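>>> here is a sequence together with a model predicted from it:
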Amino acid sequence: MDKAQMVIPSSLREGGTDPIFRIAGEAAKKTQELGAEAVINSTLGALMDDEGKLVTMKSVFDTLKNLPNDLIAGYSGLAGQPDFLNDVVKACFKDYQPEVGFIKAVATPGGTGAVRHAFCNYTEPGDQILITDWYWAAYHTIADENRRSIVNFPLYNEKGTFNLDAYKESMKALLKKQGRVLSVLNTPAHNPTGYSITDGEWDEIIAFVSEEANNDPECKIILLVDLAYIDFAGEGDEARAFMKKLTGMPHNVLTLYAFSCSKGYTMYGLRNGAIICVAPTESIAEEFANACTYSNRGSWSNGTRGAMETISKIYSDSELYNQMIAEQTFYKGILRRRAQAFCEEAQKCGLEIVTYSDGFFISIPCEYSREISDRLMEKNVFIVGLAKGLRFAPCAVSEEKCRRAPALILEAMNEVLSEKA
Ligand SMILES: Cc1ncc(COP(=O)(O)O)c(C=O)c1O
């Protein structure tokens, strides 16, 4: 990279288009040229209908558009609108709100804002944040932008389930180095793998974290659960069962949730979400709310009023609420059928994927992912290449295309691998 001219050296950034948006741009061009049928555009992380058009929930947008203008145009409170703060807690926990612990929420622009506040208020500048090796790239960006960094541990063990041993080892090493660890677990329906930590795995994580915290009462452990895809996981609300367990730990352990309205309510561009704590004491909850409210003021002031009012209206009107749940359930069913089609065909043709449970993405572990992604483009298949493999997005393509894709991916992979051999 060039030398910094006017920006400080640590703010010198690469320009150019984000690789995901570049591939999506290429896919859009090909679609114009050949028609939607001929192109598999599995790039963006948003739910699309079978024709490739963004899904939007009627219950959400009818509500938003019927709000009086002043409820859309006005500023919200710095911490978020009081009703929204109650409603987002309901939206997060549903029937699985823990009985023990002190819960508080602060509104943020999407889950991204919540991740930012956790990074900035629960780690020191220069600290490392513990993250799985398959991860959402923005974690790195948010850490780097705020002068922190990330350190990875392998998400999977050799059985393809949560690598508890590696998690323990990395947590211990970081505790020894920093005395405080912020660990991000993106579950259920992890991006980019679709993995969901099981309730049994949560029991083991909780036992381990509690033991570490008891062994060193001076250390601090913060568990940030990134829930961006929760409303697309499991049957009904069962994917929230772990939330009841994630409390009642030693007082030097704090649970945080990054809640997003982007996917579950199709509010992507409306920038709405919250950071929520389940704190062991009232004063730790108070400290959380004060720090995150101050961070709101110091970074973007306040969130999107109309988006908060929309959620509150939906949660205060049972008919509207049921309509919203019916829509979520309908789209969850579509996503599940698409993902199932992809997984079945992958198994049939022998394409390896990492363990998938739920969600917008399925990952294919491989070397030369960028080259394979380029080769696939020649076959009119558009898939993002990541450091550890390829990310297929069943959220973005029809069930029929999900069935077609695995054989095409395998073919491109074999071509590239044989050229490299
Ligand atoms: C893993 C993960 N976390 C958080 C988010 C936050 O999204 P938003 O800021 O739109 O709520 C995303 C969005 O892509 C994501 O993939």
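Received it, and whenever you're ready, just let me know what you need. Computed from a predicted model, the values in this text were never measured in an experiment. Numbering: from 1, shown residues only.

>>> counting neighbours, which bits of stretch 244-264 end up buried?
244-250, 252-264 (16 or more other CB atoms under 10 Å). C-beta coordinates here come from the backbone N, C-alpha and C atoms, glycine included.

>>> near the ligand, list only the ones from those residues.
260, 262 (CB under 6 Å from any ligand atom).

>>> just the ones of the buried residues of stretch 244-264 in helices?
244-245 (DSSP state H).

>>> which ones among the buried residues of stretch 244-264 map onto strands?
Among these, the residues falling in strands (DSSP state E) are 253-260.

>>> nearest to the ligand, of these?
Proximity of those to the ligand was ranked by CB to the nearest ligand atom; the top entry is residue 260 with 3.2 Å.

>>> buried residues in the longest helix anywhere in the chain, which are they?
Scanning the chain for the longest helix, with DSSP H as the assignment, gives helix 318-349. Buried residues in helix 318-349, counted by 16+ other CB under 10 Å: 320, 323-324, 327-328, 331-332, 334-336, 338-339, 341-343, 345-346.

>>> again, but for stretch 298-306
Those would be 302-306, for stretch 298-306 by 16+ other CB under 10 Å.

>>> how about that stretch and the ligand, any contact?
No. Using CB under 6 Å from any ligand atom, we find that stretch 298-306 stays clear of the ligand, coming within 11.3 Å at best.

>>> nearest residue to residue 404 other than its sequence neighbours?
residue 40 (6.9 Å; CB to CB, 6 or more residues apart in numbering).

>>> got the residues of this protein near the ligand?
Counting by CB under 6 Å from any ligand atom, the chain sits next to the ligand at 45, 110-112, 136, 186, 191, 226, 228, 260, 262, 268, 273.

>>> picking that back up, any chance of the buried residues of stretch 298-306 in TSV, plus pLDDT?
Below are those laid out as TSV (pLDDT from 0 to 100):
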residue	pLDDT
302	94
303	96
304	98
305	98
306	98
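
>>> just the ones of these in helices?
305-306.

>>> tell me the two of the residues of the chain next to the ligand that are most distant?
Farthest pair in these (CB to CB) is 186 and 268. Separation: 17.3 Å.

>>> just the pLDDT for residue 22.
Looking at residue 22, its pLDDT is 83.

>>> how far away is it from residue 377?
11 Å (CB to CB, to the nearest Å).

>>> cool, and residue 236?
39 Å.

>>> and the two? Which one has more around it.
Neighbour count, other CB atoms under 10 Å: between residue 236 and residue 377, residue 377 has more, with 16 against 11.

>>> residues contacting the closest residue to residue 395 other than its chain neighbours?
Among residues not flanking residue 395 along the chain, residue 360 sits closest, at 3.9 Å (CB to CB, 6+ apart). Residue 360 makes contact with 45, 47, 189, 191, 194, 229, 232, 263, 335, 393-395, according to CB atoms under 8 Å, 6 or more residues apart in numbering.

>>> can you tell me which of these is nearest residue 351?
If you rank the contacts of residue 360 by distance to residue 351 using CB to CB, residue 394 comes first, at 13.9 Å.

>>> which parts of the stretch 101-250 of the chain are strands?
102-108, 128-132, 149-153, 180-186, 220-226 (DSSP state E, counting those that start in this stretch).

>>> tabulate those strands in CSV, adding columns for mean neighbour count and mean pLDDT.
Shown next, in CSV, are those (neighbours: other CB atoms under 10 Å; pLDDT from 0 to 100):
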stretch, mean neighbour count, mean pLDDT
strand 102-108, 24, 98
strand 128-132, 24, 98
strand 149-153, 17, 98
strand 180-186, 23, 98
strand 220-226, 23, 98
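
>>> turn these into a markdown table, including distance to residue 383.
A markdown table is the format used below for the strands of the stretch 101-250 of the chain (distance: least, CB to CB, whole Å):
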| stretch | distance to residue 383 |
| --- | --- |
| strand 102-108 | 31 |
| strand 128-132 | 21 |
| strand 149-153 | 22 |
| strand 180-186 | 20 |
| strand 220-226 | 23 |
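
>>> which one of those lies closest to residue 33?
Smallest distance to residue 33 across the strands of the stretch 101-250 of the chain (CB to CB): 36.0 Å, for strand 180-186.

>>> ok, and what's touching the closest one?
115, 118-119, 122-124, 127, 129-132, 135-136, 139, 167, 171, 174-175, 197, 205, 219-226, 228.

>>> give the contact list for the residue nearest to residue 404.
380-383, 397, 401, 404-405, 408.

>>> what do you get for residue 282?
With CB under 8 Å, 6+ apart, residue 282 has these contacts: residue 102.

>>> can you tell me how far it sits from residue 90?
Taking CB to CB, one finds residue 282 at 20 Å from residue 90.

>>> what does residue 141 give?
Taking CB to CB, one finds residue 141 at 31 Å from residue 90.

>>> do residue 107 as well
On the measure of CB to CB, residue 107 and residue 90 end up 14 Å apart.

>>> how about residue 315?
Residue 315 is 6 Å from residue 90, by CB to CB.

>>> with neighbour numbers in mind, choose between these two.
Per other CB under 10 Å, whichever of residue 315 and residue 90 has more neighbours is residue 315, with 18 against 13.
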